[in-house]
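Q: Dropping a prediction and its sequence here:
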Amino acid sequence: MNFFQPNRRAFLKRAGAATATGLSAGALQWLATQSNLAHADTDYRALVCIYLSGGNDSNNMLIPTDGAYTDYANARKELALGRSEISPLNGTSAGHTFGLHSAMMGLAPLYNQKRLAFISNAGPLIKPVTAEQVKNNSATIPAFLLSHSDQTAMQQGWQGGADPSGWAGRGLEQLSTSLRNPIAALTMTQNSTLVLGQSSSVAMTYPGGTRYWGQADLINSSNTATQILHSMTQMQFPQGYDNEYVRTMKGALNDSTILANALSQAAPAPTDLGTEYLAQGLAYLAQIMPVMKSYGYRRQVFLVEYGGFDTHTAQRSNAINDKQSQDYLLSVVAKAMVGFDAAMQKS
């Protein structure tokens, strides 16, 4: 299950596919062609991808509310949401009406305003299969199907070979030179296949960022430790390994310096996204993205991860604020997305 918050109709028109590969191609095509729709001084477009690690049970996130609800309830048994726990969405899709898990009710107005879309059945599965077919090895299934790490990489665009890149990283490398910038891909997680290119670099940070590398103040060029760090990036060695280390260090230092300076120029972080890691990550992006735009950056992809969706048991919980339940996790996602959307509307 994927959900997006840009111009819904324009995005879906260009995405035009139900597979992960088709979705990714459409997403980057949308990102690239927006340059035809904006003036040069406002031509900034970005994709912010939230990866729900562990595997979110989307059948309990987007739920039919018409006659198909009976089939849903019969199939889900104790996992099924009662009708009172579903927030209705306007209109119909595939001949049915749908609603959201009540923990995500904050997103319903965005959908009803046609600023949020759901794209179902996007993932690495090759074709529909049953559990019995998997058990008796009669189904065509993706490689490493029961491996979380491999399926995470595949969901993010790994094609199963020696090339470790993901769909966003490859897509960014296809953009014209005029649409590229010093930091095109930024991740806040080690599970960063999505933004890995075949030859380009990826910047890494974490919520809140930092202006310090040890004693080095990255936004103070006269700081002695900062000057020492920069001098180290100019070193040359006879061994290729050492030179590659210096090159990598220089790239990381340059990225960190750009991000530190951007944060120093940013407005205060929005405070209505929540306090969880996801909220902190999106609040940080809400701070630096307007600054990146002011730098003249054109296209960027950001990757944030929020975990805990591998619930196994106790997916539904009667305990108030049970942080292990999907009910709680989805409320965190919705609150962070609603707050992030509001911040973006103001920027």
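A: Thanks, I have it. Values in this document were obtained by computation on a predicted structure and should not be read as measured data.
Q: Tell me how the chain divides into domains.
A: Domain ranges of the chain: 2-208+272-346, 211-268, per automatic domain parsing.
Q: What's the mean pLDDT across the longest one?
A: Read it as domain 2-208+272-346. Taken as a whole, domain 2-208+272-346 has an average pLDDT of 85.
Q: Then the shortest one?
A: Taken as a whole, domain 211-268 has an average pLDDT of 94.
Q: Can you give me the end-to-end span of it?
A: The straight-line separation of the ends of domain 211-268 (CA to CA, to the nearest Å) is 15 Å.
Q: Turn the domains of the chain into a markdown table, including mean neighbour count.
A: Where C-beta positions appear, they are placed from N, C-alpha and C, glycine not excepted. Shown next, in a markdown table, are the domains of the chain (neighbours: other CB atoms under 10 Å):
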| stretch | mean neighbour count |
| --- | --- |
| domain 2-208+272-346 | 17 |
| domain 211-268 | 14 |
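Q: where along the stretch 151-300 of the chain do the helices fall?
A: Listed in chain order, the helices of the stretch 151-300 of the chain (DSSP state H, counting those that start in this stretch) span 167-173, 224-232, 240-265, 277-294.
Q: Quick one: residues contacting L282.
A: V48, I50, L273, V304, A336, M337, G339, F340 (CB atoms under 8 Å, 6 or more residues apart in numbering).
Q: pretty sure the fifth one belongs to a helix, no?
A: Yes. Assessed by DSSP: H, G, I helix; E, B strand; the rest coil, A336 belongs to a helix.
Q: these two touch, right, it and E276?
A: Yes. Taking CB atoms under 8 Å as the definition, A336 is a contact partner of E276 at 7.1 Å.
Q: Give the intersection of the neighbour lists for those two.
A: Counting by CB under 8 Å, 6+ apart, the contacts common to A336 and E276 are Y306.
Q: how about K77, secondary structure?
A: Classified using three-state DSSP, K77 is helix.
Q: do the same with C49
A: Classification of C49 using three-state DSSP returns strand.
Q: Can you tell me, leaving aside adjacent residues, what's nearest to it?
A: Once flanking residues are discounted, C49 sits nearest to L303: 5.1 Å by CB to CB, 6 or more residues apart in numbering.
Q: In contact with the one you found, which residues?
A: Counting by CB under 8 Å, 6+ apart, L303 touches C49, Y51, A168, A185, L186, T187, M188, T189, S192, L194, V195.
Q: Am I right that it is in a strand?
A: Yes. Counting by three-state DSSP, L303 is located in a strand.
Q: in the sheet, who's paired with it?
A: Under DSSP bridges, the beta-bridge partners of L303 are C49, T187.
Q: Please report how far it lies from A139.
A: The gap separating L303 from A139 is 31 Å, by CB to CB, to the nearest Å.
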